[in-house]
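Peer 1: Starting from these lines, generate the structure:
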Amino acid sequence: MGDRWHLEVDRSVCIGSAQCTHHAPAAFRLDSARQSHPADPETDANEKILEAAEGCPVEAIMITLLGSGEPVFPPEE
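Peer 2: Numbers count the residues shown, from 1 in each chain. The predicted model follows:
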């Protein structure tokens, strides 16, 4: 069984660029205010979701391992 992730979008940082919906349309949605949110905050690890987080121009997407809370993106420095 693969890793499970918890997705969060910092809506105070999100600028509504929609890059996340471009990279991972099944994982992210824009609301009427053009703010992103995860379609389901708990999901299987997925390369497209990681690409969406990496492609966010303001790094508003946080991914952690479900259960442990260990950061996946952005990585701890």
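
Peer 1: Am I right that Cys14 is in contact with Pro38?
Peer 2: No - between Cys14 and Pro38 there is no contact under C-beta atoms under 8 Å: 11.7 Å. Glycine gets a C-beta too; all of them are placed from N, C-alpha and C.

Peer 1: Can you tell me the centre-most residue of the chain?
Peer 2: The residue lying closest to the centre of the chain (C-alpha atoms, centre = their mean) is Ile61, at 4.2 Å.

Peer 1: which one is that residue nearest to, not counting chain neighbours?
Peer 2: Closest residue in space to Ile61, ignoring its immediate chain neighbours: Ala53 at 4.0 Å, by C-beta to C-beta, 6 or more residues apart in numbering.

Peer 1: Output the contacting helices and strands for the helix or strand containing the one you found.
Peer 2: Element membership of Ala53 [criterion: DSSP states H and E] is helix 47-55. Here helix 47-55 touches helix 19-23, strand 61-65, strand 71-73, going by 3 or more C-beta pairs under 8 Å, 6 or more residues apart in numbering; DSSP states H and E.
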